[in-house]
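Asks: take a look and give me a structure for this.
(one chain, ligands or ions: 1)
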Amino acid sequence: MLPNMINLSNFEILDMKESEYDYRFLIKSNTPPPSHCPKCGTFPNLYKHGKKDQLFFDLPMHGKRVGLITKRQRYRCLECKETFFEDLPDMDVSRSVTNRLIDWIQQASLEKTFTSTKPCSTIKTYVPPVS
Ligand SMILES: [Zn+2]
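Replies: A predicted model of the protein is given here:
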């Protein structure tokens, strides 16, 4: 197992690739499976229903962009037949970024307002699309 370079204790790093501008980590969530169905509340009548690769952007490291790829588990509830994805701690799943990246962007944009009027390309790169 690789040392946890990304410093997210809820995830395990399975693989890491580095290129000129990017780090790409393949990560796996350590959190236990859901205890109940979030749609109907039934305890637990769920089965695993495939996985989906999802990419999340994280704080830049050593001046490179950091992408975290995780195979997100999907479940189906046998009671209500609904499907849903596992919860991912530390992630803003609707914007495909980590929560700490959002915090960082918010802080950086506040600082920018007071210190400089020049646009910062690094920050712009990381502004998530508005969904
Ligand atoms: Zn259900």
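Asks: kindly report the residues of this structure close to the ion.
Replies: Where the chain comes near the ion, counting by CB under 5 Å from the ion, the residues are 37, 39-40, 42, 77, 79-80. Where C-beta positions appear, they are placed from N, C-alpha and C, glycine not excepted.
Asks: can I get those residues in TSV with secondary structure?
Replies: Formatted as TSV, the residues of the chain next to the ion follow (DSSP: H, G, I helix; E, B strand; the rest coil):
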residue	secondary structure
37	coil
39	coil
40	coil
42	coil
77	strand
79	coil
80	coil
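Asks: and those, which are buried?
Replies: For those, a burial check counting by 16 or more other CB atoms under 10 Å picks out 37, 77.
Asks: how about a markdown table for the residues of the chain next to the ion, with pLDDT and distance to residue 11 added?
Replies: A markdown table is the format used below for these (pLDDT from 0 to 100; distance: CB to CB, whole Å):
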| residue | pLDDT | distance to residue 11 |
| --- | --- | --- |
| 37 | 92 | 24 |
| 39 | 90 | 25 |
| 40 | 93 | 28 |
| 42 | 83 | 28 |
| 77 | 94 | 25 |
| 79 | 92 | 30 |
| 80 | 94 | 29 |
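Asks: among the residues of the chain next to the ion, which one sits closest to residue 48?
Replies: Using CB to CB, residue 77 comes nearest to residue 48 of those, at 11.7 Å.
Asks: contacting residues around that closest one?
Replies: 37, 39-40, 42, 45-46, 83-84 (CB atoms under 8 Å, 6 or more residues apart in numbering).
Asks: hmm, back to that, between the residues of the chain next to the ion, which is closest to residue 10?
Replies: Using CB to CB, residue 37 is the member of the residues of the chain next to the ion that lies nearest residue 10, at 21.5 Å.
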